[in-house]
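Asks: My questions concern the predicted model and sequence given below.
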Amino acid sequence: MAPILLITGGSRGIGAATARLGAKHGYDVCLSYLSEEARADTVVAEIEALGRRAIAVRADTGSEPDIMRLFAAADRLGPLAALVNNAGVPGRAGLVEAIAGDDLERVLRVNVWGVFLCAREAVRRMARQQGGAGGAIVNVSSVAARMGSPFEFVHYAASKGAVDTFTLGLAKEVADQGIRVNAVRPGMIDTEIHARSGLPERVAKIVPTVPMKRIAAPEEVAEVILWLLSDRASYVTGALVDVGGGR
Ligand code: NAP
């Protein structure tokens, strides 16, 4: 049976690219989405066309019942081998002094709280001491974690800082259970997150400051994620891998 890969937020962007590449690497894929059902179904169809199994589950990673339902659906495919904690939201742009409590809560809930709970469910299934076969987790952070995103997205940047610290701690906690935990920190990636964040002009403003002077395709992040999940990265854990074109 093919190893099972669970990706949160697999209907678009980096998550969808990772789902497609994961299928090419031989995984059967369970992907989640929030509202774009048709887009998620398209990714499923693309994976099935590659000869692999795939399912799409509507599950808000800001909801514990949804997370439990998502993992139960993945269990029906087979034993979980890999988790990509990808779903994330930028929140509304603005100064910290103007931040709205509900926006801050949503950003921290989806980007941090949901990442913790999804990792918890993965560890419960993968841990050798609990009868699992080991596995690998990749958390999708951001270069924002070390830049701070002042005047725009400090709450988002801080949430990704928490993802980095979580990655370091969990990696050490489960290393002897056969589970590797790493993070990728993308820079400017060509997805809809920018247009949807309310600052569509931000991409054109930032790209000239990227040493490589270009935005990246989501597939360029997916390549690094699939490498970190694979046995080719067998001695890599607790790593925060920048995919930022030098930024
Ligand atoms: P995107 O194009 O906006 O796609 C987001 C994906 O996450 C979609 O599949 C969306 O589902 C899903 N999603 C959003 N909120 C969710 C929730 N509460 N529960 C479940 N799924 C949810 O984003 P992206 O650019 O690919 O970003 C993916 C990850 O990379 C995020 O963690 C982001 O912070 C990080 N990142 C992105 C960049 C960049 O430049 N793009 C840079 C650094 C880090 P629907 O389609 O149903 O809405």
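Replies: Great, that's in hand. Numbers count the residues shown, from 1 in each chain.

Asks: So in this protein, which strand runs the longest?
Replies: Scanning the chain for the strand with the most residues, using DSSP state E, yields strand 179-186.

Asks: now for the next helix or strand after that one, which elements pack on it?
Replies: Under the assignment DSSP states H and E, the closest C-terminal helix or strand after strand 179-186 is helix 193-196. Taking 3 or more CB pairs under 8 Å, 6 or more residues apart in numbering; DSSP states H and E as the contact definition, helix 193-196 has no neighbouring helices or strands. Quick note: C-beta positions are derived from backbone N, CA and C, even for glycine.

Asks: Report the distance from helix 193-196 to the chain centre.
Replies: Distance, stretch centre to chain centre, for helix 193-196: 17 Å (CA atoms, centre = their mean, to the nearest Å).

Asks: what about it, near the ligand?
Replies: Yes - on the criterion CB under 6 Å from any ligand atom, helix 193-196 is in touch with the ligand at 193, 196.

Asks: circling back to that earlier point, can you give the strand pairings for the longest strand of the chain, parallel or anti for each?
Replies: Strand 179-186 sits in its sheet next to strand 135-140 (parallel), strand 240-243 (parallel), going by DSSP bridges.

Asks: isn't Val207 right next to His194, touching?
Replies: No - counting by CB atoms under 8 Å, no contact exists between Val207 and His194, whose distance comes to 10.8 Å.

Asks: So which of those two has more stuff around it?
Replies: Comparing Val207 with His194 by neighbour count (other CB atoms under 10 Å), the higher total belongs to His194, at 19 against 16.

Asks: SS state for the closest residue to the more buried one other than its chain neighbours?
Replies: Computed as CB to CB, 6 or more residues apart in numbering, the closest residue to His194 that is not its neighbour in sequence is Val203, at 5.0 Å. Look at Val203: counting by DSSP: H, G, I helix; E, B strand; the rest coil, its state is helix.

Asks: What count of nearby residues applies to Val203?
Replies: As a burial measure, Val203 scores 15 neighbours (other CB under 10 Å).

Asks: Can you give me the distance of it to Arg232?
Replies: Using CB to CB, to the nearest Å, Val203 is found at 32 Å from Arg232.

Asks: Would you mind naming what in the protein lies close to the ligand?
Replies: For the chain, the contact set with the ligand under CB under 6 Å from any ligand atom comprises 8-15, 32-36, 39, 60-62, 86-89, 110, 140, 142, 186, 188-189, 191-193, 196.

Asks: Could you pull out the helices in the chain for me?
Replies: Secondary structure of the chain, counting by DSSP state H: helices at 13-24, 37-49, 64-77, 101-108, 114-126, 144-147, 154-174, 193-196, 202-206, 218-229.

Asks: hey, which of these is tucked in deepest?
Replies: Highest mean neighbour count of the helices of the chain: helix 13-24, a mean of 25 (counted as mean count of other CB atoms under 10 Å).

Asks: count of residues packed around Val181?
Replies: Residues near Val181, counting by other CB under 10 Å: 29.

Asks: Quick test: name the residue nearest the centre of the chain.
Replies: With distances taken as CA atoms, centre = their mean, Asn86 lies nearest the centre of the chain, 1.5 Å away.
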